[in-house]
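Asks: need a structure here:
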Amino acid sequence: MPFFRRKATRRTLLAAFGTAAIASQWPSADAATSGGAGLDAPAKKDIAMRLVSSAENSSLDWEAQYAYIEDIGDGRGYTGGIIGFCSGTSDMLALVELYTERAPGNTLAAYLPALRAVNGTASHKGLASGFPSAWRKAAHTSAAFRKAQRDERDRGYFDPAVARAKKDGVGTLGQFVYYDAMVMHGPGTDPLCFGGIRARARKHAATPTDGGDETTYLGAFLDARVWAMKQEEAHSDVTRVETAQRVFLKKGNLDLDTPLKWKVYGDSYEID
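Replies: Numbers count the residues shown, from 1 in each chain. Below is the predicted model:
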């Protein structure tokens, strides 16, 4: 089975953990990180997280999603956290392993054997009785768990996507385009994963590093991304590309500058 990340769907936290209450408890951790170029700049990175959250959670408040966890019926087991770590696609396991290395004896550590057993499947075996509540408790009570989510997001998705985009010579918007694709499709080389999407795009347009035009290349990448999304029913709604990223590209906003206006699933969003 290809390494798909998750179904593109609306998400909300359980009513017991209201978004406003959660967001008010946790400071914006990424905004305090060191600066950099392009999407690495703290303000741009926060924009990237908000854009992804609009598609993944129907909310711009990405930091309200640490405690989120549910099975969204896409065959990948539980989906949880700030980018939708999945029990069936290895990244939720990697996250809990990282958290346990840093905080031995935490409330999630006892579920590591079950997470290893269900990895690669949609099964809840060994998890259904207490794992979701333990996840939510850890998100509320452990700064180490919240930091582990951010660090694993960066290690597995954000940093590789931005690094590859910079090598290809694309700017901030292109770096986000790569990141969003890697979050949804995974970093593999299968035709429907990030590497396969990039390879398909390069058959139609050269990267700026290879002498191509940036806008033309990003258009080809978005075309390839839409093709990949339409191959699976779970990804068949392509508005996160067509009424968001494609809008920014058509406006020539290669630096992903604010104000930004876009739609996902017909809902309108704006960042001033």
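Asks: quick one, helices of the stretch 151-272 of the chain?
Replies: Assigned helices in the stretch 151-272 of the chain, in chain order: 159-167, 172-185, 194-202, 214-229, 239-240, 246-250 (criterion: DSSP state H, counting those that start in this stretch).
Asks: ends of stretch 56-65, how far apart?
Replies: 10 Å (CA to CA, to the nearest Å).
Asks: one more: stretch 185-203?
Replies: 19 Å.
Asks: how far is it from where the chain is centred?
Replies: Taking CA atoms, centre = their mean, to the nearest Å, one finds stretch 185-203 lying 16 Å from the centre of the chain it belongs to.
Asks: buried set for it?
Replies: 185-187, 190, 192-198, 200-202 (16 or more other CB atoms under 10 Å). The way it works is simple: take the backbone N, C-alpha and C, and place the C-beta from them, glycine included.
Asks: returning to that earlier point: comparing the helices of the stretch 151-272 of the chain, which comes out most buried?
Replies: helix 172-185 (a mean of 26; mean count of other CB atoms under 10 Å).
Asks: that one to helix 194-202, inter-axis angle?
Replies: Helix 172-185 runs at 130 degrees relative to helix 194-202, counting by axes from the mean of the first three to the mean of the last three CA atoms, to 10 degrees.
Asks: that older thread, would you list the buried residues of stretch 185-203 in TSV and tack on pLDDT and distance to residue 220?
Replies: TSV is the format used below for the buried residues of stretch 185-203 (pLDDT from 0 to 100; distance: CB to CB, whole Å):
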residue	pLDDT	distance to residue 220
185	91	16
186	90	20
187	89	20
190	93	19
192	94	17
193	95	17
194	97	15
195	97	15
196	98	14
197	98	10
198	98	10
200	98	8
201	98	4
202	98	8
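Asks: need the max-distance pair from the residues you listed.
Replies: Spatial extent of the buried residues of stretch 185-203 (CB to CB) is set by the pair 186 and 202 at 18.6 Å.
Asks: looks like residue 67 contacts residue 142 (just checking).
Replies: No. Using CB atoms under 8 Å, residue 67 is not in contact with residue 142; the gap is 10.8 Å.
Asks: for these two, indicate the residue with more neighbours.
Replies: residue 67 (24 against 18; other CB atoms under 10 Å).
Asks: secondary structure class for that one?
Replies: Of the three states, residue 67 takes coil under DSSP: H, G, I helix; E, B strand; the rest coil.
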